[in-house]
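Undergrad: the sequence and its predicted three-dimensional model are supplied below.
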Amino acid sequence: MIRFFTCLSAAMLLFSATAFAQQPTFTVSPQSVNATVDQQFSVNVTVSNFSNIASMQFSMEWNASVIEFLSVSNINSAVVPGFNASSFGLPGTGSIPAGRLSVSWFNDTFTGINLPNGTILYTLNFRAAAAGTSNIAFGGMPTSIEILNGMFTNVGLNPQNGTVTVTGGGGGNPTDDFTLTIASASNVMNGQQVCLNVTAQNFTNIIGMQFSINYNPAMLQYVSVGNFNLQGLAASNFGVPGAGGTSPGTITLSWTDPDLGGETLANGATVFQLCFTALTGSGSTQVTFGNTPTAIEIINSAGRDGSVQQRAGHSEFCRRWRWRQPDWFHVDDCECEQCDERAAGVPQRNGAEFHQHHRDAVFDQLQPGDVAVHIGNDLNLQGLAASNFGVPGAGGTSPGTITLSWTDPDHGWRDAG
């Protein structure tokens, strides 16, 4: 099970109803949902004691690293006049961050309406993104809770929140409670810089990880990333706002253990630190892990099954690389059908898909008078360049060895023809 937690202080706005005003109850139904990774599911928002209500506004929130919002549907405009798609502020639109939804409606006639108990107001549709637990809860951020009756009295609401438990996984991800946590901060002043440590639990034999971090750019301005405590992790592993097309509100991370041996950190150890400047002096916001634009993927030393064909120049045989435990890669000979005479061949995918590869390719040492191996311009793979190769005499690479380390820049799957 891979767990991502965001622990930030949240402001709650409490309302007290008068003795003469009835407080409606808003319920997430069903209140308990069990799902497996990649499964789609829906919950209804229903009301009871909805009596003489003329307007309503509130927010809903969930853990975007565990469940992914898909859509709002089944909006009940038949019994709530003027209630439609424009009544919702969706995650990722305007200043609404991932994991939040805004709802706002008022009756044009300024009179209250009554709804039968159990009336469905709307339906939320999600996809289970990663193993873990998430609440689907009513809240006051970014839109504060305000329920007005026909006398324009704010009666508030009685929330009945829901819980989603997601199990399962895939892609070779570890299942030993790997956890990353973004620290909390409180009493932050407008213009003040605040730094949040990202700490680890059960970070054992991890050889690769990638994910996105999302925040509200209207409330936080990205400053820097640093305090690295993981072999091979550096600022260059991050996609930050204003660099390479990364938009404000998004930070991406893609890291691979340089020696593929698997890295282990003590529980509670800081992996890295994020620093922001506060752009407001009131309210609260979240910094969350997410799947957009870079999907969450954690790989441990168990690896994943897969294979790749590699052709090397001036060889009379092919090399087959098989991804397997415990060596992760195994090299053996196979019959060569079409040996490529180019000095640098193009990796080919054969069999199960794989996402990243990083392994030394060891060739017989050249003797004086043998043909020299060079890296040319005939590179037919997005993001692949001469700088991805370690060649003899450069950076400590010894004669007889050429290294290649490449990651797809947009983290998709690539087929080389």
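TA: Thanks, I have the structure now.
Undergrad: what's the distance between N214 and V287?
TA: 7 Å (Cβ to Cβ, to the nearest Å). (Glycine included, C-beta is placed from N, CA and C.)
Undergrad: geometric centre of the protein: which residue is closest?
TA: G290 (2.2 Å; Cα atoms, centre = their mean).
Undergrad: tell me the domain ranges of the chain?
TA: Domain assignment for the chain by automatic domain parsing gives 7-167, 178-300, 306-407.
Undergrad: okay if I get those as TSV plus mean pLDDT?
TA: Converted to TSV, the domains of the chain look like this (pLDDT from 0 to 100):
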stretch	mean pLDDT
domain 7-167	88
domain 178-300	87
domain 306-407	44
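Undergrad: circling back: so the residue nearest to the centre of the chain touches Y215, yeah?
TA: No: assessed by Cβ atoms under 8 Å, G290 is found out of contact with Y215, at 10.0 Å.
Undergrad: quick one, helices of this structure?
TA: Under the criterion DSSP state H, the chain carries no helices.
Undergrad: identify the bridge partners of the spatially closest residue to T246 that is not a sequence neighbour.
TA: Spatially, and ignoring its direct neighbours in sequence, T246 is nearest to G239 (4.4 Å; Cβ to Cβ, 6 or more residues apart in numbering). Beta-bridge pairing of G239 under DSSP bridges involves T252.
Undergrad: count of residues packed around G239?
TA: By the criterion of other Cβ atoms under 10 Å, G239 has 21 neighbours.
Undergrad: check V155 too.
TA: Counted with other Cβ under 10 Å, the neighbours of V155 add up to 24.
Undergrad: hmm, P24 and it touching each other?
TA: Yes: with contact defined as Cβ under 8 Å, V155 counts as touching P24 (7.1 Å).
Undergrad: who touches both of these two?
TA: Contact criterion Cβ atoms under 8 Å, 6 or more residues apart in numbering; residues shared by V155 and P24: I53, I147.
Undergrad: ok, P293 to Y215 distance?
TA: Distance, P293 to Y215, by Cβ to Cβ: 14 Å.
Undergrad: what about these two, which has more around it?
TA: Between P293 and Y215, counted using other Cβ under 10 Å, Y215 has the larger neighbour count: 26 against 15.
Undergrad: contacting residues around that one?
TA: The contact partners of Y215, by Cβ under 8 Å, 6+ apart, come to P97, Y222, G249, I251, F276, T285, Q286, V287, T288.
Undergrad: what of V72?
TA: Listed by Cβ under 8 Å, 6+ apart, the contact partners of V72 are A85, F88, L90, L101, Y122, T123, L124, N125.
Undergrad: isn't the fourth one right next to G92, touching?
TA: To tie it back to what came earlier, the one meant is L101. No: using Cβ under 8 Å, L101 makes no contact with G92, being 10.6 Å away.
Undergrad: and these two? which has more neighbours close in?
TA: L101 (23 against 17).
Undergrad: could you find the closest non-adjacent residue to that one?
TA: M60 (4.4 Å).
Undergrad: in the sheet, who's paired with the one you found?
TA: For M60, the beta-bridge partners under DSSP bridges are L101, F138.
Undergrad: how many other residues sit next to it?
TA: For M60, the neighbour count with other Cβ under 10 Å is 26.
Undergrad: that one: what's it in contact with?
TA: So M60 contacts V45, R100, L101, V103, L124, I136, A137, F138, G139 (Cβ under 8 Å, 6+ apart).
Undergrad: filter the contacts of Y215 down to the buried ones and hand me the PyMOL line.
TA: To isolate the buried ones among the contacts of Y215 in PyMOL, judged by 16 or more other Cβ atoms under 10 Å, type:
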select buried, resi 97+222+249+251+276+285+286+287+288
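Undergrad: could you dump the contacts of Y215 into CSV and include distance to Q193?
TA: As requested, those are exported to CSV (distance: Cβ to Cβ, whole Å):
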residue, distance to Q193
P97, 20
Y222, 11
G249, 18
I251, 16
F276, 7
T285, 15
Q286, 18
V287, 14
T288, 20
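Undergrad: OK, contacts around A278?
TA: By Cβ under 8 Å, 6+ apart, the contact list for A278 reads V188, M189, N190, G191, Q192, Q193, V194, M219, L220.
Undergrad: partners of it in the sheet?
TA: Counting by DSSP bridges, A278 forms beta bridges with L220.
Undergrad: please shift the residue numbers so they start at 16 in all later answers.
TA: From this message on, residue numbering opens at 16, which makes the last subject A293.
Undergrad: what's the local residue count around F167?
TA: By other Cβ under 10 Å, 10 other residues sit near F167.
Undergrad: that should have said N49, apologies.
TA: Number of residues near N49 (other Cβ under 10 Å) recorded here: 13.
Undergrad: just checking, it touches T180?
TA: Yes: assessed by Cβ under 8 Å, N49 is found in contact with T180 at 5.2 Å.
Undergrad: okay, and the common contacts of those two?
TA: By Cβ under 8 Å, 6+ apart, no residue touches both N49 and T180.
Undergrad: for D53, give its distance to M224.
TA: 19 Å.
Undergrad: neighbour-wise, which of those two wins?
TA: The neighbour count for D53 versus M224, taken as other Cβ under 10 Å, is higher for M224 (25 against 14).
Undergrad: so where do the strands sit in the stretch 166-315 of the chain?
TA: Applying DSSP state E, counting those that start in this stretch to the stretch 166-315 of the chain gives strands spanning 173-175, 177-182, 193-197, 208-216, 221-229, 235-241, 253-254, 265-271, 285-293, 303-305, 312-315.
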